[in-house]
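Colleague: Build the 3D model from these lines:
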Amino acid sequence: MRLFQKIVIFALIFYCLIAISVYFAENWKSSSKSSSPLTKIIDPSTAIDSIRGYAKETIVLTPTLEQPFKSENFVPPISSYGLQVKPNNQSSVIEAGNVLPVNIEKHGSKYSFFSIDPISKNKILFAFGDVNINVSKDIDMHDQVIHQDGSFTFLEYVPNYKNRSLDLQLKRITGQGQVLWVWNSNKHISTEHVVREPEIKSLKKKLRDIRRSYSNSILELFGSDIFQFLTNIYIPFPNRTIQLLDNQVGLLDHIHANSIEYLNDEKYILVSARHLDTLFIIEVKTGSIIWSLGGPYSTFTKNRVIGDPRGGFSHQHDARVFKNKLYLFDNANMQLGLPSRAVVYTFDMKNPNNCKFLFEYIEPYNRRRLSMGSVQPLDDDRVLIGWGGVPLGPDRQNTSVGASIVNMKNNRAEWQLDFKPSWTSYRARGY
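Modeller: Numbers count the residues shown, from 1 in each chain. Predicted coordinates for the structure are as follows:
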């Protein structure tokens, strides 16, 4: 056997050992016999600690039990299900079929939801009512727009091996998968503007780094075509599968968009770019970025909010415009010592430097929620806040707020749902 063949075989064996190590690191202390919506009906009280106050709306959430070694691709290790809370605070489960839902929204009598394929636990699915939409392998679960003509706009994170980056792609398609419009960030946004968080060192992180370094070596040796073919090979394990190679190979996720909203009769799209600490607006017709607003750590834009006591937002989620007001969830990842919050600004589409601070509501337990989160204006005075992820550490052992409806006139919560320890929901929506 030639020396080169021996080296390749040895390298593959070494890599398999790394893949197995990552698998056990992610699933350590996670029971393989844990309850799942695939095996029995979930009681809503499994996740809910308490509900206080009154909401006029029906609230929809997607509770997920987070574990210390949760997979980075959002695979719920224990259970995830749709939860509906009615104005009388009665809760019920939303049936999602034989899938693990991650983000559920309601549209009239129909639900839409992103979910994880329970067999591969890597493939993302999207359904609207009884219809499964044909989405690409690069689809992202953060948000979508369902248009009145029956088409859909999705977010995609597309590997760019030449630039070693994950580019943002917005794609509008029909229900049959026909592409109507595409926008790619490659010509508009540089990787140099990423806002980096301090890295947390851990054994799992070190194992992932080894895996990515190895995958990068394979990419350099064989080229992008063969590498992309190899990324479609999976190793089966109990409860999930592991990709033979890491298809991100250390690709820089420099944008990480997490919400999109069309403005002005769908002539423009507002995008929340978490890893740029920036909101920006794209003109659909030309594809140009015509407007941007950043937080204090943003280098993508010099435009800043006037009068915000924090100087702006950090690693935000879910930017929405309602009656000339701009709403967003400020995770505050870069602002050490400060809790997360919902924040409202005035909105001037002609000049972002005219946007002014109006209102903030601090996380009720004064905690930072480093991931997920949402805001939804319900009317002129009331806003629904979904508080997102619970960080690692002592907070995982404590009750956490899942969602609040806040009256901006008096800065008080009219309604609040608390989760039991370790339960979270990506987003809250009211109907």
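Colleague: contacting residues for F347?
Modeller: Contact analysis of F347 by CB atoms under 8 Å, 6 or more residues apart in numbering lists V321, N324, K325, L326, C355. Any C-beta I mention is one placed from the backbone N, CA and C, and that applies to glycine too.
Colleague: distance of the spatially most central residue of the chain from D395?
Modeller: Closest residue to the average C-alpha location of the chain: H142 at 4.2 Å, with CA atoms, centre = their mean. The gap separating H142 from D395 is 23 Å, by CB to CB, to the nearest Å.
Colleague: what residues are up against G430?
Modeller: By CB under 8 Å, 6+ apart, the contact set of G430 is A55, E57, T58, I59, V60, Q376, L378, L384, I405.
Colleague: Return a ChimeraX selection command for the buried portion of those residues.
Modeller: If you want just the buried ones from the contacts of G430 in ChimeraX, going by 16 or more other CB atoms under 10 Å, the selection is:
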select :55,57,59,60,376,378,384,405
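Colleague: Okay, helices next: where are they in this protein?
Modeller: Shown for the chain, the helices assigned by DSSP state H span residues 3-27, 203-222, 224-230.
Colleague: mean confidence for the second one?
Modeller: What that stands for is helix 203-222. Helix 203-222 carries an average pLDDT of 67.
Colleague: before we move on, what about stretch 321-328?
Modeller: So the average pLDDT for stretch 321-328 ends up being 98.
Colleague: Residues touching that stretch, excluding its own?
Modeller: By CB under 8 Å, 6+ apart, stretch 321-328 touches 261, 263, 270, 272, 279, 293, 313, 316-320, 342-347, 355, 358, 375-377, 380, 383.
Colleague: in that stretch, what counts as buried?
Modeller: V321, F322, K325, L326, Y327, L328.
Colleague: what's the farthest-apart pair in these?
Modeller: F322 and L328 (11.5 Å; CB to CB).
Colleague: and G388, what does it touch?
Modeller: 317, 329, 331, 340, 369, 371-374, 424-427.
Colleague: nearest residue to S425 other than its sequence neighbours?
Modeller: Closest residue to S425 apart from its sequence neighbours, by CB to CB, 6 or more residues apart in numbering: L61 at 4.0 Å.
Colleague: what's around the one you found, how many residues?
Modeller: If you count neighbours by other CB atoms under 10 Å, L61 ends up with 30.
Colleague: Quick check: it touching T424?
Modeller: No. In this structure L61 lies outside contact range of T424 using CB atoms under 8 Å: 9.3 Å.
Colleague: okay, and the common contacts of those two?
Modeller: G402.
Colleague: picking that back up, can you name the residues bridging to the residue nearest to S425?
Modeller: L83 (DSSP bridges).
Colleague: Going forward, the N-terminal residue is numbered 41.
Modeller: Noted, 41 is the first residue going forward, which turns the last one into L101.
Colleague: Run through the residues that contact it.
Modeller: G122, L123, V125, I144, G426, G442, A443, L457, S465, R467, A468, R469.
Colleague: ok, V311 - contacts?
Modeller: By CB under 8 Å, 6+ apart, the contact set of V311 is L208, L210, A297, S299, I300, L319, F320, I321, I322, A359.
Colleague: and the nearest residue in space to K460 that is not next to it in sequence, how many neighbours?
Modeller: Counting by CB to CB, 6+ apart, K460 lies nearest to D89, which is 4.7 Å off, once chain neighbours are set aside. A count of neighbours around D89, defined by other CB under 10 Å, yields 15.
Colleague: Do you know the pLDDT at D89?
Modeller: At D89, pLDDT is 95.
Colleague: For Q130, see how far away Y401 is.
Modeller: From Y401 to Q130 the distance is 26 Å (CB to CB).
Colleague: and these two? which has more neighbours close in?
Modeller: Y401 (20 against 10).
Colleague: give the contact list for that one.
Modeller: Shown in contact with Y401 (CB under 8 Å, 6+ apart): R381, A382, V383, V423, I425, S444, V446, M448, N451.
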